[in-house]
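Trainee: here are the coordinates; sequence isn't available:
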């Protein structure tokens, strides 16, 4: 029944896409930037917001305008998740490594629609074979969010993106490509020249930014959390290749050593960073480096070893000190969930929004997941797949990506958790993907 409802909602969206204008009247508008709402009306033409007014907006009588009474509800920009693995989140590790690739893509397509129903109209994908899913969404064949794809995460041998078994030799030593490499979940590159080839190949396929694994991880089996990965020369090669294409490199890294090396090489954004020290955080502030932070659960996945569970708890507990340091030094912060290989918890994506209330006011959280995250997306420059309008805001000339919320999350951020009940209207790119206002 759930899949039938999702399909029906998508069919509704396809019908509305032919509607040239949508007028949403009588709403409390949160623009994504200011700690207030204003009463008004919003006119959408095609896929852009063309007029916002506190006075009635006149429309033609041709019937090409769909008029919606917002009933005084809270209208806000569509949500942005800045760190997702859309393909990998839809399957378990075993399903990705041992199952049919076609089945994994089908699961990812279904999950893309679910992500949009949770109010996320844009995501930045930081590792996985996502290009096909993105194109299918953009072509209108399935519903889903806008995607800024990184393509395969680039890793050194014995790095965070090396999913080979302990007895599998690398290609350079007579081995063969691992399944994870064959399906483009990751690329293993050692040495400056190999990194240049990996980055250029990924950009050729349509990456909007490059994801490099610069430190140890939890989900990977053979690289301890504390290790630093890639030499500064290798990271700088990736940065130069990305900058030649007008975009940037972001790195997976937890420790100060890994982050300092990445900063020295010219990296613009750090993913995670939960084990950073004060001096490194101050350096990030001084250099204008972005911190993409996540409030992770302490519990590890069922397939984790005891050591992986210990590392997961260490990283989760490190978020408190790091976010407080980042706020102290006014580091530019973005927010994402970083959930993958655990499909059962995908439905809880919005709970990670509420977790941020441990460090931020409701306004700061809403700004973080809309206009702040949108600012990070602009680092992709001309490699951004969507350049027609602004994102993360409700203003004239911006993309018509928005959700209508029953309740005021500026007063209670927990309203965002029960998206199925409280999100009454979801609009992406000027098309309606959910409408429970009985209109």
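Mentor: Nice, thanks for sending it over. This structure is a prediction, so every number in the text was calculated from the model and none was measured. Numbers count the residues shown, from 1 in each chain.
Trainee: where does residue 11 land on pLDDT?
Mentor: In this model, residue 11 is scored at 47, pLDDT.
Trainee: mean confidence score for the helix ranked longest in the chain?
Mentor: Using DSSP state H, we find that the single longest helix of the chain is helix 306-328. Computed over helix 306-328, the mean pLDDT rounds to 87.
Trainee: ok, and what's touching that helix?
Mentor: Here helix 306-328 makes contact (CB atoms under 8 Å, 6 or more residues apart in numbering) with 218-219, 221, 225, 254, 272-276, 278, 281, 284, 291, 293-300, 304, 331, 333, 358-359. Backbone N, C-alpha and C define where each C-beta goes, glycine included.
Trainee: buried ones in that helix?
Mentor: By 16 or more other CB atoms under 10 Å, the buried positions in helix 306-328 come out as 308, 311-316, 318-319, 322-323, 325-326.
Trainee: stretch 326-342 too?
Mentor: 326, 331-342.
Trainee: so which of those residues are in strands?
Mentor: 333, 334, 335 (DSSP state E).
Trainee: where's the last one relative to residue 214, distance?
Mentor: This means residue 335. Residue 335 sits 20 Å away from residue 214, going by CB to CB, to the nearest Å.
Trainee: OK, contacts around the residue nearest to residue 153 when sequence neighbours are not counted?
Mentor: Excluding its sequence neighbours, the residue lying closest to residue 153 (CB to CB, 6 or more residues apart in numbering) is residue 127, at 3.6 Å. Shown in contact with residue 127 (CB under 8 Å, 6+ apart): 85, 88, 150, 152, 153, 161, 185, 186, 211.
Trainee: again with residue 262
Mentor: Counting by CB under 8 Å, 6+ apart, residue 262 has contacts 212, 214, 235, 251, 253, 270.
Trainee: let me know the closest of the ones in strands among the buried residues of stretch 326-342 to residue 76.
Mentor: residue 335 (15.1 Å; CB to CB).
Trainee: beta-bridge partners for the closest one, please?
Mentor: residue 293 (DSSP bridges).
Trainee: pretty sure it contacts residue 369?
Mentor: Yes - if you go by CB atoms under 8 Å, residue 335 and residue 369 touch, sitting 5.6 Å apart.
Trainee: what touches both of the two?
Mentor: In contact with both residue 335 and residue 369: residue 81, using CB under 8 Å, 6+ apart.
Trainee: domain ranges for the protein, per the record?
Mentor: 2-77+392-435, 79-359 (automatic domain parsing).
Trainee: number of nearby residues for residue 91?
Mentor: 22 (other CB atoms under 10 Å).
Trainee: if I pick the residue nearest to it when sequence neighbours are not counted, what's in contact with it?
Mentor: Nearest residue to residue 91 in three dimensions, chain neighbours excluded: residue 104, at 4.9 Å (CB to CB, 6+ apart). Residues counted as contacts of residue 104 (CB under 8 Å, 6+ apart) are 87, 90, 91, 95, 96, 183.
Trainee: in which helix or strand does residue 104 reside?
Mentor: helix 101-117 (DSSP states H and E).
Trainee: and that helix, how far out from the chain middle?
Mentor: With CA atoms, centre = their mean, to the nearest Å as the basis, helix 101-117 stands 15 Å off its chain's centre.
Trainee: list the contacts for the closest residue to residue 390 other than its chain neighbours?
Mentor: Leaving aside its sequence neighbours, residue 390 sits nearest to residue 398 (CB to CB, 6+ apart; 4.3 Å). Residues in contact with residue 398 (CB under 8 Å, 6+ apart) are 48, 49, 77, 389, 390, 391.
Trainee: most surrounded residue in those residues?
Mentor: Top of the contacts of residue 398 by neighbour count (other CB under 10 Å): residue 77, with 31 neighbours.
Trainee: I'd say that one and residue 32 touch.
Mentor: Yes - with contacts counted by CB under 8 Å, residue 77 reaches residue 32, the gap being 4.3 Å.
Trainee: tell me the residues that contact both of these two, please.
Mentor: Common contacts of residue 77 and residue 32 (CB under 8 Å, 6+ apart): 370, 371, 374, 392, 393, 394.
Trainee: which pair in the residues you listed spans the largest distance?
Mentor: 374 and 394 (11.6 Å).
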